[in-house]
Each structure stands twice: as structure tokens, then as C-alpha cells.
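In: here's a sequence, model it:
(2 chains)
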Amino acid sequence: DSGVTQTPKHLITATGQRVTLRCSPRSGDLSVYWYQQSLDQGLQFLIQYYNGEERAKGNILERFSAQQFPDLHSELNLSSLELGDSALYFCASSPDGGRIYEQYFGPGTRLTVT
Amino acid sequence: AQKITQTQPGMFVQEKEAVTLDCTYDTSDPSYGLFWYKQPSSGEMIFLIYQGSYDQQNATEGRYSLNFQKARKSANLVISASQLGDSAMYFCAMSLEANTGGFKTIFGAGTRLFVKA
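Out: The predicted structure follows:
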């Protein structure tokens, strides 16, 4: 158990809908990262937040947005969903200082868009 | 371009033998982190080992060691004394500092390891 929690574990929704994925980082970790893992694209970095502020952006679509709250949990919002958004979405957190490149992943949320 | 290449889509190893999973990377940044993750069939991503670009010694974590050859831009994972539970997908990844102060991570396509009894 990495200490990172994600809810829900599974999500099935229809095209055009909007969903919110939730992540709680490990205790004390200020950074949260979001990733998408799909069969055709592999593991793709989406976005990083640090202590409430966006710090790095990857291949995140405009239909997707994220935020990190004062209690450090983070949410990834996916809207106008398409079939191709079906994927495993991971959240990861990393410690502040020291081995800052290390990231610990949550169990993931499997999103199925029908 | 910043990239991670894993050239072995699948590997077989006999139980109790050692195996090397290849990883090469490409970046012009002087500072970066390299790591390996294991993803069993259950889907979770398990952190295995980390190597900083300025670390002089190769990283080791139990049965895992990272063979870091900076000049060749390679970061191969060596698993000693393979166990049946090592059968999984293994991802090599590189984390780089973004110009906004954050970190972007690039993953390779992965190598699926099969351990034979």
C-alpha cells in the first residue's frame, strides 16, 4: 500500500458526460500528479500540482481540468467524455525535498466510457 | 526530444536466475531522475528503484539494482534471483524539471516479464 488513495475504483459512464476522480496523497506529500494509462497511448503524464498550485502540464486535453485543495487532496475533472477517454487514471504523490523525483502511485481509477 | 525507450516488449527468465531489463533515455537536461515501476496484472504501479542523474553510485533496493551508464544514457534494471511473483509489466521512467518549477515524467512502453518455474 503506497499510502495514496483514489476514488472511485471503477467508473462507467456515457459519452458526453462529466466525471470527477478524487485523489488523496500520502501524508505530508505536497505534490500530486495525474496520469492516464491507455492501451494505445501508454502512460501519459497529465498535470502536476504542488501545494495547491499547478506546476507542470503534460498531454492534458482542454476538456480535462484538475485542482488541488487546501487539504492537499486533488480532483481530476473530465468533461464531454469520448470513447477514447476510457483508461486507467492514476494519481501519484511525491515528498517535498530530498528524493523529489520519487513518486508513489495510487491504485488508479478505471474509467469506461460507453 | 525527451524520450524513454524500452526495446524488449517481452522477456522470459527462469526462476532464481537474474534478468536485465533495458532502458535508454534521451534528454539534454543535466538534472533528472530515473526510476522503475512494476505493474502486476492487478494494475497498481509499484515503485521499485530510483537513480538521480548526479548520483555516483548505482542504486540498489533489495533484489533490484539499476545499472546507470550516464554516457550511454542507459538505466537498465537488474533483478536478481527471479521469483514467480516478479512476473509483471515493468516501466522505466524519467522525471525532468519543467520551466514552471514542477516535474514532468515520461514513461517507456514497458517490458512484460514472465518468470518460468
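
In: contacting residues for the residue nearest to residue A:42 when sequence neighbours are not counted?
Out: In space, and not counting its chain neighbours, residue A:42 is closest to residue B:109: 5.5 Å by CB to CB, 6 or more residues apart in numbering or on different chains. (Each C-beta comes from the backbone N, C-alpha and C, glycine too.) By CB atoms under 8 Å, 6 or more residues apart in numbering or on different chains, the contact list for residue B:109 reads A:42, B:6, B:9.

In: quick one, which of the residues you listed are buried?
Out: residue B:6 (16 or more other CB atoms under 10 Å in any protein chain shown).

In: sec struct for the residue nearest to residue A:42, please.
Out: coil (DSSP: H, G, I helix; E, B strand; the rest coil).

In: re the thing from before, which of the contacts of residue B:109 fall in strands?
Out: residue A:42 (DSSP state E).

In: ok, back up a step: relative to residue A:17, how far out is the residue nearest to residue A:42?
Out: According to CB to CB, to the nearest Å, residue B:109 and residue A:17 sit 30 Å apart.

In: ok, now residue A:65?
Out: 15 Å.

In: kindly report the same for residue A:30.
Out: Counting by CB to CB, the gap from residue A:30 to residue A:17 is 32 Å.

In: and these two? Which one has more around it.
Out: Legend: neighbour count by other CB atoms under 10 Å in any protein chain shown for residue A:30 and residue A:17, higher for residue A:30 (17 against 13).

In: who's in contact with the nearest residue to residue A:26 once chain neighbours are set aside?
Out: Among residues not flanking residue A:26 along the chain, residue A:3 sits closest, at 3.8 Å (CB to CB, 6+ apart). By CB under 8 Å, 6+ apart, the residues touching residue A:3 are A:25, A:26, A:27, A:93, A:104.

In: beta partners for the spatially most central residue of chain A?
Out: Centroid check for chain A by CA atoms, centre = their mean gives residue A:34 as the closest residue, at 3.1 Å. Here residue A:34 sits in beta bridges with residue A:47, residue A:91, going by DSSP bridges.

In: with residue A:12 instead?
Out: residue A:112.

In: which positions in chain B make contact with chain A?
Out: B:32-33, B:35, B:37, B:43-47, B:50, B:52, B:91, B:93, B:95, B:98, B:100-107, B:109-110 (CB under 8 Å from any CB of the partner chain).

In: the closest residue to residue B:52 other than its chain neighbours is in what secondary structure piece?
Out: In space, and not counting its chain neighbours, residue B:52 is closest to residue B:33: 5.5 Å by CB to CB, 6+ apart. Using DSSP states H and E, residue B:33 sits in strand B:32-39.

In: neighbouring contacts of that strand?
Out: Contacts for strand B:32-39 (CB under 8 Å, 6+ apart): A:99-103, A:105, B:21, B:23, B:25, B:45-53, B:64, B:66, B:68, B:75, B:77, B:86, B:88-97, B:110.

In: list the contacts of residue B:58.
Out: If a contact means CB under 8 Å, 6+ apart, then residue B:58 has B:51, B:65, B:66, B:67, B:68 as its contacts.

In: got the residues you listed as CSV, with pLDDT, neighbour count and secondary structure columns?
Out: Converted to CSV, the contacts of residue B:58 look like this (pLDDT from 0 to 100; neighbours: other CB atoms under 10 Å in any protein chain shown; DSSP: H, G, I helix; E, B strand; the rest coil):
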residue, pLDDT, neighbour count, secondary structure
B:51, 93, 21, strand
B:65, 97, 19, strand
B:66, 97, 24, strand
B:67, 96, 16, strand
B:68, 96, 20, strand
